[in-house]
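Enquirer: Next input, structure requested:
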Amino acid sequence: MSDDAAPRDANDLEQLDGLVIPPFSRRGFVMTGLMSGLTLATTRVEAQAIRTDEAGIVAGEVRIPVGDGPMPAYRAMPEGAGPFPIVLVVEEIFGVHEYIKDICRRLAKAGFTAVAPELFARQGDVSKMTDVQEIVREVVSKTPDAQVMGDLDATAAWAAAEAKGDSGKLGVTGWCRGGRTVWLYAAHSASLKAGVAWYGNFGGNRTGIQPKTAADVIPDIRAPILGLYGAADTGIPVADVEKARDAAKAAGKTVDIVIYPDAPHGFHADYRPSYRKGPAEEGWSRMLAWFRDHGVA
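Expert: Numbering: from 1, shown residues only. All right, here's what the predicted structure looks like:
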């Protein structure tokens, strides 16, 4: 499908807010379970990688029913009766590895039901890939945005029905590629209360299955968004971040952008050399406050 190809039935798009329904084959899932440990696609694992224990929470791998089978995911939630606010956790390009799982446990410790679905499970097995460019080319670029939006909707519904989640207190957060997804989901979901995007790219190629950039959807976002970015991010120019902030303001959207001086891309990724403790911890505190202040608490 070309970038400007029209869908076969425009009525099918009413609930997808402009995202094109992709002609992908429902071949089932390449990944039927989550990876163990950290991604193989990193040069080295840093000693400061955080490991959150499971005291006071319930955590582990789950399966979420979607239209073409069970989708693997990681769920962490507080012990107790609930219901708890829901936070959808959106992975980097590397899949739901230990870093993403630990983020879910940290959120559970803070009182949330946190669920991270493996959104790339149909397109490829990122647990076996060591080449970042291969992951982008063979998996990320072939994952339709409409599929991702539907999977996140299914995850939110599952969290409310099966994980003591409160569907009226729904948030989303994501890192890197997941940060981009936060912006798209805020334009897609009428149920979302707030989102936090960690260094999500505003640009990128538009394709038939990924027809809009994060910048494109800013006028359409339905929920308050906090964006956390680094001034030293060589992949996301500060000018792009400021342009997105200005576009949100012009559209009358509730958006707060924080740019951390000297912080590179991946400054929250505690398992990589890009980690910066100060901005990571300050950004985490801002995220929790944002959720609290905007109905996800």
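Enquirer: Point to the residue nearest the middle of this structure.
Expert: For the chain, the residue nearest the mean C-alpha position is Val90 (2.3 Å; Cα atoms, centre = their mean).
Enquirer: ok, it - contacts?
Expert: Residues near Val90 by Cβ atoms under 8 Å, 6 or more residues apart in numbering: 116, 119, 152, 172-175, 177-179, 181-182, 185. Using the backbone N, CA and C atoms, a C-beta is placed for each residue, glycine as well.
Enquirer: Go again with 10 Å.
Expert: Listed by Cβ atoms under 10 Å, 6 or more residues apart in numbering, the contact set of Val90 reads 96, 100, 116-117, 119, 148, 152, 155, 172-182, 184-185, 195, 197-198, 200.
Enquirer: likewise Asp240?
Expert: Residues near Asp240 by Cβ under 10 Å, 6+ apart: 201-203, 214-215, 229, 233.
Enquirer: gap between it and Gly200?
Expert: Between Asp240 and Gly200 the distance is 11 Å, computed by Cβ to Cβ, to the nearest Å.
Enquirer: ok, now Pro261?
Expert: In terms of Cβ to Cβ, Pro261 sits 19 Å off from Gly200.
Enquirer: Show the residue spans covered by the strands in the protein.
Expert: Secondary structure of the chain (DSSP state E): strands at 57-66, 69-78, 84-90, 113-117, 165-175, 192-198, 225-230, 255-260.
Enquirer: Just put these in CSV and tack on distance to Thr143 and mean pLDDT.
Expert: As requested, the strands of the chain are exported to CSV (distance: least, Cβ to Cβ, whole Å; pLDDT from 0 to 100):
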stretch, distance to Thr143, mean pLDDT
strand 57-66, 14, 96
strand 69-78, 13, 96
strand 84-90, 12, 98
strand 113-117, 12, 98
strand 165-175, 14, 98
strand 192-198, 18, 98
strand 225-230, 22, 98
strand 255-260, 25, 98
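Enquirer: For the contacts of Asp240, name the two members farthest from one another.
Expert: Spanning the widest gap among the contacts of Asp240 are Ala215 and Asp233, at 15.5 Å by Cβ to Cβ.
Enquirer: Of the contacts of Val90, just the buried ones, PyMOL syntax please.
Expert: Buried residues among those (16 or more other Cβ atoms under 10 Å), as a PyMOL selection:
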select buried, resi 96+100+116+117+119+148+152+155+172+173+174+175+176+177+178+179+180+181+182+184+185+195+197+198+200
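Enquirer: quick revisit: what is in contact with Asp240 and Gly200 at once?
Expert: Counting by Cβ under 10 Å, 6+ apart, the contacts common to Asp240 and Gly200 are 214, 229.
Enquirer: residues near Ser36, how many?
Expert: Using other Cβ atoms under 10 Å, Ser36 is surrounded by 10 other residues.
Enquirer: And it, how far from Tyr74?
Expert: Ser36 is 12 Å from Tyr74, by Cβ to Cβ.
Enquirer: same check, this time on Lys277
Expert: Counting by Cβ to Cβ, the gap from Lys277 to Tyr74 is 24 Å.
Enquirer: try Ala154
Expert: Separation of Ala154 from Tyr74 (Cβ to Cβ): 15 Å.
Enquirer: In terms of neighbours, single out the busier of these two.
Expert: More crowded of Ala154 and Tyr74, by other Cβ under 10 Å: Tyr74, with 25 against 17.
Enquirer: beta partners of the more buried one?
Expert: Glu61, Ala116 (DSSP bridges).
Enquirer: Hmm, it is touching Pro117, no?
Expert: Yes. Assessed by Cβ atoms under 10 Å, Tyr74 is found in contact with Pro117 at 8.3 Å.
Enquirer: Give me the common contacts of those two.
Expert: Joint contacts of Tyr74 and Pro117 (Cβ under 10 Å, 6+ apart) are 34, 62, 89, 91, 96.
Enquirer: any idea which of those is closest to Ala251?
Expert: Val89 (26.7 Å).
Enquirer: Setting aside sequence neighbours, what's the nearest residue to Ala186?
Expert: Nearest in space to Ala186, with sequence neighbours left out and distances taken as Cβ to Cβ, 6 or more residues apart in numbering, is Ile221 at 4.2 Å.
Enquirer: Distance-wise, check that neighbour relative to Gly60.
Expert: Applying Cβ to Cβ, the value for Ile221 to Gly60 is 33 Å.
Enquirer: between these two, which one's more packed in?
Expert: Between Ile221 and Gly60, Ile221 has the larger neighbour count (other Cβ under 10 Å), namely 24 against 11.
Enquirer: check contacts around that one.
Expert: Ile221 neighbours (Cβ under 10 Å, 6+ apart): 182-189, 192, 195, 214, 248, 251, 253-255.
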